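> Structure of the sequence below:
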Amino acid sequence: PEGGDEEMAHSNKALFGPFENWQTVKRIEKAHDAAIWTVAWTAQEKIISGSNDECVSIRGRDDMGITHRFEGHRLGVLSVDTDAAGSILAV
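Coordinates of the predicted model:
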């Protein structure tokens, strides 16, 4: 294709931002029993993740410990979101 990989990399940067400035702050091995499909950050500094293991986990930002775990969803969890205040969770 015209422009090649360099042009594509430039167009992706314009769409998605400067990835070279991002860094991994904390990594949790085996955060779920299957692939994580969705993540949301709340205004209350919680991290919510949904997975193909049919569970939703809510973790504290600082220690990353699970504060809540919701099990028993049918099939994997494809999307999670909260209201602006971070007090209502939609799965």
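
> and the residue nearest to residue 60 when sequence neighbours are not counted, how many neighbours?
Closest residue in space to residue 60, ignoring its immediate chain neighbours: residue 67 at 5.7 Å, by C-beta to C-beta, 6 or more residues apart in numbering. (Each C-beta comes from the backbone N, C-alpha and C, glycine too.) When neighbours are defined as other C-beta atoms under 10 Å, residue 67 has 11 of them.

> And residue 67, how far from residue 21?
29 Å (C-beta to C-beta, to the nearest Å).

> ditto for residue 47
20 Å.

> need the contact list for the residue positioned nearest the centre of the chain.
For the chain, the residue sitting closest to the mean C-alpha position, by C-alpha atoms, centre = their mean, is residue 39 at 2.2 Å. Counting by C-beta atoms under 8 Å, 6 or more residues apart in numbering, residue 39 touches 47, 48, 49, 50, 80.

> Neighbour-wise, which one of the residues you listed leads?
Using other C-beta under 10 Å as the neighbour criterion, residue 50 leads the contacts of residue 39 with 24 neighbours.

> Surely that one touches residue 38?
Yes - using C-beta atoms under 8 Å, residue 50 is in contact with residue 38, at 4.4 Å.

> Find residues that contact each of the two.
77, 78, 79, 80.

> And the residue nearest to residue 42 when sequence neighbours are not counted, how far from residue 33?
Closest residue to residue 42 apart from its sequence neighbours, by C-beta to C-beta, 6+ apart: residue 86 at 3.2 Å. As judged by C-beta to C-beta, residue 86 and residue 33 stand 26 Å apart.

> Only the buried residues of stretch 81-91, if you could.
Going by neighbour count (16 or more other C-beta atoms under 10 Å), the buried part of stretch 81-91 is 82, 89.

> for the record, mean pLDDT for it?
Stretch 81-91 carries an average pLDDT of 88.

> Then stretch 55-68?
Taken as a whole, stretch 55-68 has a mean pLDDT of 90.

> what about it, start to end distance?
Start-to-end span of stretch 55-68 (C-alpha to C-alpha, to the nearest Å) is 10 Å.
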